[in-house]
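> Based on what follows, work out the 3D shape:
(chains A and B)
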Amino acid sequence: LYNWLLARASGGALVLRIEDTDRERSTPENVEQILDALQYLELDWDEGPLSQYDRRDRHREVLSELVEGGQAYYDPSTAADVRAWKEAHGGAGYRGEPREEEGAAIRLRVPDERETVVDDVIRGPVHFENRTQDDFVIARGDGTPLYNLAVAVDDADMGITDVVRGDDHLSNTPKQLLVLQALGSDPPSYAHLPLLHSPSGGKLSKREDAASVQELRDAGYLPAAVRNYLALLGWGTEDDTTLLSTEELVERFSIDRVGRSPAVFDARKLRWMNGRYMRELPLEEYERRLAEHLRSRSEGDAEAFDAAPPELRRTACAIVQDKAQTMDEAWPLIRFLFRDPVDDPKAWEKVMKPEARAMLSAAADALRGAGAFDTDALEGLLGDVVERLGEKPKNVYQPIRVAITGTTVSPGIFDSLAALGRDESVRRIDAAIERLGD
RNA sequence: GGCCCCGUCGUCUAACGGUUAGGACAUCAGGUUUUCAACCUGGGAGCGGGGGUUCGACUCCCCCCGGGGCCA
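Numbering: from 1, shown residues only, chains lettered A, B, ... in the order given. Okay, here's the model as predicted:
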């Protein structure tokens, strides 16, 4: 998201590059998840063709150039050798002797003097003393290049100007700088973002990270809300603004104001924020997104919704809009308008006591005789019934609610009845009375 | 183990030497109320610790502690 905001704000292009020097980690499904997440967030980047580049030849070429130029050398030392060497040299960075033999790795020669400075946009200059850095391995014994060589070469070849990535790469950066230096290329600008920690404590893995975005989609969070929330993780405005439209984010976001400490994802705050966005959604869009959300579910909910008259769909959205925080939460509240009441034994047991029978009869009679069947009329009408029976409103309204929806929770009872319509409302109440009978 | 990063309410954050340390979520207490939410009002809650520098430190320096990352 930060990459995207930065690209949008600066008029540059966003390049999402997935380095795959280690097949064990960058699995195709992993890539798939990242792309899914981007699509879900509705970041309108110019997707272009998804290209795969086989850079092995180029990396090999660079490797041999570096060896020939003396900036790198073959070294068959093992990890144990290196450890022994370091112990003997007071913890200084490992320096090997060039020895070309079968299975030897290639190491980059690191200078003994001076330091390598990562001039990070977010953290300022970070100093690494060269003498403490190992002559690090840039190619395995079998000739395959290692990450720090590959990214540096690819950054240079692609003309990358800004690298925005996770904090976990900060200590890799001096190595990449050293490679770039050996190559004679100018380094890009670097910005290392703080990592996200999950509520459970640890950092989010690439897999879990992408998977959790998946979960957000399934729960029916709006992309705009998620974008807003995510932008506020590690970044904040000076004037304490919390709700920011995407246009405002693009305008106000600046990478150098991003914080340095890791953040914990707080689902409750996202939920609250999503509710704010849901309530401000134009009704047509609310309806569209609800329909879309239902399609990702099973059991014919989407079909029932789509088959309903447009006015009913619209009304349903209107009466649930200020109650639901997520799309997933909206549907159960208005489901009764499109499908039969659910069977909730607990609700029935709690509300449908024998004395409820009289309430329901009185209500049904009143509804049958009602003139207009809208929210206001019903409120007056049923208010009279409550008064006549001398009951607490709750004792009358809850049985009606259970009768028409099957549960104890729904939108306002008058809204619900009006939306359901006279015939169906009366039918469901009569059915409840009958069921109460035995 | 070496190197590096980070440390403000429970959580996300604002502050860039001078504020009663601000806001948001959450929480608590009221209000509203036909259910559940939503909404409104109010309260509690924080600078990891210790040294310095300074007239004055959340802000600068050092040490420690704690958390994390990379390499090995």
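> give me the low-pLDDT residue ranges for the stretch 1-150 of chain A?
The model of the stretch 1-150 of chain A has pLDDT under 70 over residues A:22-28, A:45-49.
> Spell out which parts of it neighbour RNA strand B.
A:79, A:82-83, A:91, A:123, A:126-129, A:132, A:134, A:136-137, A:147 (CB under 7 Å from any atom of the strand). (Glycine included, C-beta is placed from N, CA and C.)
> Which of those residues fall within helices?
Secondary structure from DSSP state H places A:79, A:82-83, A:147 of these in helices.
> Would you write out the ChimeraX command that picks the buried residues out of the residues you listed?
Here is the ChimeraX selection string for the buried members of these, based on 16 or more other CB atoms under 10 Å:
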select /A:82,147
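> Going along the chain, name the strands of the stretch 251-400 of chain A.
For the stretch 251-400 of chain A, the strands defined by DSSP state E, counting those that start in this stretch cover A:263-264.
> Going along the chain, name the helices of it.
Assigned by DSSP state H, counting those that start in this stretch, the helices in the stretch 251-400 of chain A fall at A:267-280, A:283-295, A:301-307, A:310-320, A:327-334, A:345-351, A:356-368, A:375-389, A:393-405.
> give the contact list for the closest residue to residue A:55 other than its chain neighbours.
Excluding the flanking residues, the one nearest residue A:55 by CB to CB, 6 or more residues apart in numbering is residue A:154, at 6.4 Å. Neighbour list for residue A:154: A:17, A:19, A:55, A:160 [criterion: CB atoms under 8 Å, 6 or more residues apart in numbering].
> Save the residues you listed as JSON lines, and put in secondary structure too.
Converted to JSON lines, the contacts of residue A:154 look like this (DSSP: H, G, I helix; E, B strand; the rest coil):
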{"residue": "A:17", "secondary structure": "coil"}
{"residue": "A:19", "secondary structure": "coil"}
{"residue": "A:55", "secondary structure": "coil"}
{"residue": "A:160", "secondary structure": "coil"}
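> Is it possible to mark the buried ones in the residues you listed?
Here, 16+ other CB under 10 Å leaves residue A:55 buried among the contacts of residue A:154.
> how about the contacts of residue A:154, which pair is most distant?
Farthest pair in those (CB to CB) is A:55 and A:160. Separation: 13.9 Å.
> Return, as residue ranges, the portions of the stretch 301-438 of chain A with sub-threshold pLDDT.
If you take pLDDT under 70 as the line, the stretch 301-438 of chain A has these spans: A:438.
> 80 instead?
By pLDDT under 80, the weakly predicted segments of the stretch 301-438 of chain A are A:437-438.
> Which positions in it make contact with RNA strand B?
Counting by CB under 7 Å from any atom of the strand, the stretch 301-438 of chain A sits next to RNA strand B at A:322-325, A:333, A:379, A:393-394, A:397-398, A:401, A:408-415.
> before we move on, back to that, now flag whichever of the contacts of residue A:154 is closest to RNA strand B.
Lowest distance from RNA strand B to the contacts of residue A:154 (CB to the nearest atom of the strand) belongs to residue A:19, with 12.3 Å.
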